[in-house]
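Peer 1: sharing a model prediction with you, sequence too.
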Amino acid sequence: MARSARSDALRKRHRARFAKTKPACHLCGRPIDYDLRWPDPMCFVVDHIVAIANGGSDDFANKAASHATCNAAKKDKQYESLVKRSGTLE
Ligand SMILES: [Zn+2]
């Protein structure tokens, strides 16, 4: 969980930009309920179009809105296991 204050501020700024325009999920094309909160599988998460691990940038241009569940299915295994673990807590 080592996140610099700078990238955290950037992340919040980008999330706020999505929350304002409320775009549909770029992975499944369905609308996102921006009132839902983590760990709801249909809540809003920011997806990197080109993963940081694959050389993608952290710019707004490389980000898109998606459902948590769509983002997890995409291939981010760490994220997926997080969703599964939190699901067992309910
Ligand atoms: Zn979706």
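Peer 2: Noted; the coordinates are in hand.

Peer 1: quick one, helices of this protein?
Peer 2: Under the criterion DSSP state H, the chain carries helices at the ranges 5-21, 68-74, 77-87.

Peer 1: ranking these by mean pLDDT, which is last?
Peer 2: Sorting the helices of the chain by mean pLDDT places helix 77-87 lowest, at a mean of 56.

Peer 1: what's the closest residue in space to residue 10 that isn't next to it in sequence in contact with, if anything?
Peer 2: Nearest residue to residue 10, sequence neighbours excluded (CB to CB, 6 or more residues apart in numbering): residue 58, at 6.5 Å. To be clear about C-beta, it is placed using only N, CA and C from the backbone, and glycine gets the same treatment. Contact partners of residue 58, counting by CB atoms under 8 Å, 6 or more residues apart in numbering, are 7, 10, 48, 52.

Peer 1: okay, the residues you listed in TSV with neighbour count next?
Peer 2: Output for the contacts of residue 58, formatted as TSV (neighbours: other CB atoms under 10 Å):
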residue	neighbour count
7	10
10	14
48	19
52	10
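
Peer 1: nearest to the ion, of these?
Peer 2: residue 48 (15.0 Å; CB to the ion).
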